[in-house]
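**Student:** Could you look at this predicted model? Sequence included:
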Amino acid sequence: MAERDGLGGTATSGAGMSGAGNLRELYACLYATEFPAQAMLRLRPELRERAAVVVMEGEPPLQTVCSANSRARRLGVERGMTRIEVETLDGVTVLARSTAEEGSARAALLECAGAFSPRVEECSGDGEFLCVIDIAGTERLFGPADVLAESLLRRVRGLGVVACVSVSGNFEAAVCNARGRPTQTGVIPRGVEGIALAPLPMGVLKLSEGHAETFALWGIRTLGELAELPEKELVARLGQEGRRLRQLARGELPHLFVPIEAEFRLEERMELDAPVELLESLLFVVGAMLEQLALRAAGRVLALASVTATLKLEGGGAHVRTVRPALPSNERAMWLKLIHLDMEAHPPGAAVVGIGLTAEPGSTSKVQMGLFSPQLPEAMRLDVTLARIKAIVGEDCVGRAVLEDTHRVDGFRMEQFSVAGAGSRAGSSDELEGSLAAVRQLRPAEKVSVTLRGKQPAGFVFRERRYEVEKAYGPWVMSGAWWEQTLWGVEQWDLIARGDAGWLCCCVVRDLALGEWSMAALYD
């Protein structure tokens, strides 16, 4: 099978490079250079497309450039330049380095790599992201090595990161080839690792200052020149480190693979360049972060069940809000509108200098419609509609009514709508039949005029009809919530009465605080 080699051409795969017959070692190296800049631009699409951006680290006024994108490098920006030197260049945008944003970008890339193999080892250095994936035996899942590399790159580009993928049967050869050709993606066939690595500069080996100076004095500038040195003489001068470097240059150094176990967390963080007070400007940033969270969740066939927004306020405070719709969803527009309405109802108390979004994953929801069933409104619109209603009438007035564990008449509370899982059931028919009561609750209770005889009801007028009490049961005195301002107390009587319209079995209640009587229920 013809595959692209590390030089951008094509080469015939060696034995064991593809196919299920021989599952020897095979590694894919994912490499992203200028990682501090890429991590900052990942959530800033307006800068990523058309601006020259440099990232600076250190305390003012001793800030220096630690990373820059390609447009800034074409303008002459180099690592280590001071802020004063950068400001002499026209059209350069300066950003402060954020370890929080780099951590979020690193976690997103490791999740992306973990979707192709559970064995991932990270070898990132200062200013770069590098991880190696053990892809031996994945041909039946993702196809040949070059097809897997292209699929991995598409996933990485979707995260807003520019990277390359190098595939080789040798771990270190894949790493060196990725560092030496950060803009190319290809596969090194087995047996020609030394040939593919020969043109690469010595800098890909991450040499110490002493070894770099020694090789410069010897006139060794490429890996091919280092590979041609005699091993015994090199060991005599540099020791076993010289033998290791020669094996690296030839693509023959063995490696003990140490996979990491990355924790799956849907989290994005961003430090703002200046305090933001306008909600519209804040939502513009939140929209880019939600897009990344939804993309990462969809990569694991999941959806966002809830999103918690943590706003870092100017002065050191924090404003935390959680949005949880009825059904998990990856619709960015819906989440953005829900967060918008929630922030309008609960605005932060100061200007925002940083944003953190943490999402809880949930199962994706699908609705199976019948062939001839009428089209129904989208289920996701319910949450936006409810959020709009809450903004008008208040959060405590929207939801589903749930009875409270109390003797108070019509005692209930409002809870947020939720959808039970597919395996849950509301209750069997026997349970439902056993819970039915032969009573008609009057809501709201109707006022009645009661005549007493010895502190006991003797007659009453209900719906303009007079009734005489034949039997009275009670009273049952109930009260509650004495620890709050909503304390209540009632006196309940069950009555059997006779009138012109016939017999009536009912429940009347007297408010102990107001002394008013009302008809609460009718018994059949």
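**Tutor:** Thanks, I have it.
**Student:** for Leu141, phi and psi?
**Tutor:** Here the main-chain torsion angles of Leu141 (degrees, to the nearest 10) amount to phi -90, psi -50.
**Student:** Now do the same contact list for it.
**Tutor:** Contacts for Leu141 (Cβ atoms under 8 Å, 6 or more residues apart in numbering) come out as none. Heads up, the C-betas are built off the backbone N, CA and C, glycines and all.
**Student:** and it, what pLDDT?
**Tutor:** According to the per-residue confidence, Leu141 scores 90 in pLDDT.
**Student:** again, but for Val367
**Tutor:** On the pLDDT scale, Val367 gets 60.
**Student:** again with Glu3
**Tutor:** Taken from the predicted model, the pLDDT recorded for Glu3 is 37.
**Student:** what does Leu95 give?
**Tutor:** Among the per-residue scores, Leu95 holds a pLDDT of 92.
**Student:** Tell me which stretches of the stretch 101-250 of the chain form strands.
**Tutor:** Counting by DSSP state E, counting those that start in this stretch, one finds strands in the stretch 101-250 of the chain at the ranges 120-122, 128-134, 164-168, 186-187.
**Student:** And these: which comes nearest Cys176?
**Tutor:** Ranking the strands of the stretch 101-250 of the chain by distance to Cys176, with Cβ to Cβ as the measure, places strand 164-168 first at 8.4 Å.
**Student:** picking up where we left off before, out of the strands of the stretch 101-250 of the chain, flag the one nearest Arg79.
**Tutor:** In this view, these are compared for proximity to Arg79 by Cβ to Cβ, and strand 128-134 is the closest at 11.9 Å.
**Student:** Show me what that closest one is packed up against.
**Tutor:** Contact partners of strand 128-134 among helices and strands, from 3 or more Cβ pairs under 8 Å, 6 or more residues apart in numbering; DSSP states H and E: strand 27-33, helix 99-114, strand 120-122, helix 171-180.
**Student:** now with 6 Å?
**Tutor:** Using 3 or more Cβ pairs under 6 Å, 6 or more residues apart in numbering; DSSP states H and E as the contact test, the elements touching strand 128-134 are strand 27-33, helix 99-114, strand 120-122.
**Student:** Now find how far off-centre it is within its chain.
**Tutor:** Between the centre of strand 128-134 and the centre of its host chain there is 22 Å, according to Cα atoms, centre = their mean, to the nearest Å.
**Student:** Paired strands for that strand, with orientation please.
**Tutor:** Strands adjacent to strand 128-134 in the sheet, as given by DSSP bridges, are strand 27-33 (antiparallel), strand 120-122 (antiparallel).
**Student:** Now tell me what touches it from outside.
**Tutor:** Here strand 128-134 makes contact (Cβ atoms under 6 Å, 6 or more residues apart in numbering) with 27-33, 35, 109, 113, 116-117, 119-124.
**Student:** what about 8 Å?
**Tutor:** Outside strand 128-134, the residues that touch it by Cβ under 8 Å, 6+ apart are 25-35, 105-106, 109-110, 113, 116-117, 119-124, 152, 161, 163, 171, 174-175, 178-179, 257, 259.
**Student:** Check stretch 272-281 too.
**Tutor:** In contact with stretch 272-281 (Cβ under 8 Å, 6+ apart) are residues 95-96, 282, 285, 314, 340, 343-344, 347, 351-355.
**Student:** Filter the residues you listed down to just the ones in strands.
**Tutor:** When the contacts of stretch 272-281 are checked against strands (DSSP state E), the matches are Leu95, Ala96, Val352, Val353, Gly354, Ile355.
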